[in-house]
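1. this one's sequence-less:
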């Protein structure tokens, strides 16, 4: 591991930041290389490499923040940036003393087979094999799009608490999208494999099978009837089904909105907000997972944060600056897309804890309802928790059995109501991989859950009886 900026330079720069009355200062620096390859129906369409190199400085006085960034790591450039920023802080030096001490993060995530050790030929074959696996499912699969992204990031955090810490991150993600056509109807299904790790992930997870399943789902939806709208018992499958928790609930628990009083969950710590069987967790310490980190972007260890326990709200997700506003402990949840963004509270790997039921028992005990095998995108208002989500792959449940496919279903409601209406949770926890956008940019996050059952959900659809 290399020192991007010498510790002595960081000490001088941070001291300069505090000369006009600031009570905290921080340097965040990174060097990042990102590779991407895109394939359409077996033909490589694009291959690109981008490099990012820069450092940001921010100064706090209470909850007020000033920040800026530079691509020049020289002592002169960093001192000038610190001096310029400090002019926006009114006051006199508070005499804060600190000495930077080099530290190292725990190794929750690591890369055995780093992207820089993998040839373009190997990456191309990975894409081609996945594309061929999807195309082989059916002649009705008319297009397969595959994309592969890998990233090596080296980061440094130094601050006036005396922290000087560096870390390496390696993000890998293979995504497949299959398009099927039947009688003029075209439907798309997609999935991905990802982690904060190296290419060894594909020794453990079957990319070809994942691609095959996207084709299977696309074909099923091309043959499906339109969903008939109404109020249903809804069974949401595991893995990416957890996007409902992520969007409709946990965004409302981030200090980004809570500290401003702009969340439906403000002031509810210790209150019952969900069914007794619901426990929800955000855990950045899961080994090599897509949303996991050895440390957050303020240099703090990531944590397993129990947000809801047996229906009771236990914690928010809080970064350092917002902890000053909320008087709430930091949770190792400070994240940013890159050095150009200020960090704030964000999710890592967010999921419902496993329950005591099974997938089979949930289906068997549902006389009539909708089974959402794959969830899609949607929109949420954090201040109210109201949402709507597309169901990318859905099936009717009739007399305790999964029957015919339906397309065009949309789940409509509020996160607070959904949490209270969950009445069964299975034991089959799994995760899906996504990119989450918020105030500090777009970051890798995992969403997860076991299969859950929700009573009395409004389901939109264009079908008719």
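-> Sure, I can see it. For clarity, every value in this text was computed on a predicted model and none was experimentally measured.
2. In the stretch 1-150 of the chain, mark out all the helices, start to finish.
-> Secondary structure of the stretch 1-150 of the chain (DSSP state H, counting those that start in this stretch): helices at 7-17, 75-86, 120-135.
3. could the ones you listed go into TSV alongside distance to residue 164?
-> To be clear about C-beta, it is placed using only N, CA and C from the backbone, and glycine gets the same treatment. Putting the helices of the stretch 1-150 of the chain into TSV (distance: least, C-beta to C-beta, whole Å) gives the following:
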stretch	distance to residue 164
helix 7-17	5
helix 75-86	14
helix 120-135	35
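4. Looking at the ones you listed, which is nearest to residue 46?
-> Closest approach to residue 46 among the helices of the stretch 1-150 of the chain (C-beta to C-beta): helix 120-135, 11.4 Å.
5. if we can go back for a sec, who wins for proximity to residue 328 among the helices of the stretch 1-150 of the chain?
-> Short answer: helix 7-17, nearest of the helices of the stretch 1-150 of the chain by C-beta to C-beta, at 25.1 Å.
6. Show me what that closest one packs onto, helices and strands only.
-> For helix 7-17, the elements it packs on are strand 24-40, strand 43-61, helix 75-86, strand 141-159, judged by 3 or more C-beta pairs under 8 Å, 6 or more residues apart in numbering; DSSP states H and E.
7. centre of the chain versus that helix, how much separation?
-> Computed by C-alpha atoms, centre = their mean, to the nearest Å, the chain-centroid distance of helix 7-17 equals 33 Å.
8. Show me which residues of it are buried.
-> Residues of helix 7-17 classed as buried by neighbour count (16 or more other C-beta atoms under 10 Å): 9-11, 13-17.
9. Could I get the contacting residues of the nearest residue to residue 14 once chain neighbours are set aside?
-> Spatial nearest neighbour of residue 14, excluding adjacent residues (C-beta to C-beta, 6 or more residues apart in numbering): residue 25 at 4.9 Å. The contact partners of residue 25, by C-beta atoms under 8 Å, 6 or more residues apart in numbering, come to 14, 17-18, 57-60, 82, 159-160.
10. Mind doing that once more with 7 Å?
-> Residues near residue 25 by C-beta atoms under 7 Å, 6 or more residues apart in numbering: 14, 17-18, 57, 59, 159-160.
11. nearest to residue 402, of those residues?
-> In terms of C-beta to C-beta, no member of the contacts of residue 25 lies closer to residue 402 than residue 159, at 53.0 Å.
12. what's across from the residue nearest to that closest one when sequence neighbours are not counted in the sheet?
-> Nearest non-adjacent residue to residue 159, counting by C-beta to C-beta, 6+ apart: residue 26, 4.1 Å away. Under DSSP bridges, the beta-bridge partners of residue 26 are residue 58, residue 159.
13. Quick check: the residue nearest to residue 314 when sequence neighbours are not counted vs residue 253, distance?
-> In this structure, residue 314 finds its nearest non-sequential neighbour in residue 306, 5.3 Å apart by C-beta to C-beta, 6+ apart. Here the distance between residue 306 and residue 253 works out to 12 Å (C-beta to C-beta, to the nearest Å).
14. Of these two, which one has the most company?
-> residue 253 (31 against 16; other C-beta atoms under 10 Å).
15. got a pLDDT number for the most far-flung residue of the chain relative to its centre?
-> Relative to the centre of the chain, and counting by C-alpha atoms, centre = their mean, the farthest-placed residue is residue 92 at 40.6 Å. You'll see residue 92 listed with a pLDDT of 92.
16. got it, and the one 4 residues further on?
-> The model reports residue 96 with a pLDDT of 97.
17. What of residue 420?
-> 97.
18. again with residue 1
-> Note on residue 1: pLDDT of 52.
19. cool, the one 4 residues further on as well?
-> Taken from the predicted model, the pLDDT recorded for residue 5 is 97.
20. What's the local residue count around it?
-> 19.
21. Numbering from 537 from now on, please.
-> OK, 537 is where the count begins now, so the last one is residue 541.
22. Thought residue 817 was touching the residue nearest to residue 850, still the case?
-> Yes: with contacts counted by C-beta atoms under 7 Å, residue 842 reaches residue 817, the gap being 5.5 Å.
23. Please tell me how far the residue farthest from the centre of the chain sits from residue 879.
-> 27 Å.
24. that older thread, want to throw the buried residues of helix 543-553 into TSV with pLDDT and distance to residue 910?
-> Output for those, formatted as TSV (pLDDT from 0 to 100; distance: C-beta to C-beta, whole Å):
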residue	pLDDT	distance to residue 910
545	98	50
546	98	47
547	98	51
549	98	48
550	98	48
551	98	53
552	98	52
553	98	48
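25. Residue 738: what's its closest spatial neighbour, skipping adjacent residues?
-> residue 662 (6.5 Å).
26. Show the contacting residues for the one you found.
-> Counted by C-beta under 7 Å, 6+ apart, residue 662 has contacts 684, 710, 738, 743.
27. ok, of the residues you listed, which come out buried?
-> Applying 16+ other C-beta under 10 Å to those flags 684, 710, 738, 743 as buried.
28. Neighbours of residue 719, how many?
-> 7.
29. Could you do the one 4 residues further on as well?
-> Using other C-beta under 10 Å, the number of residues around residue 723 comes to 23.
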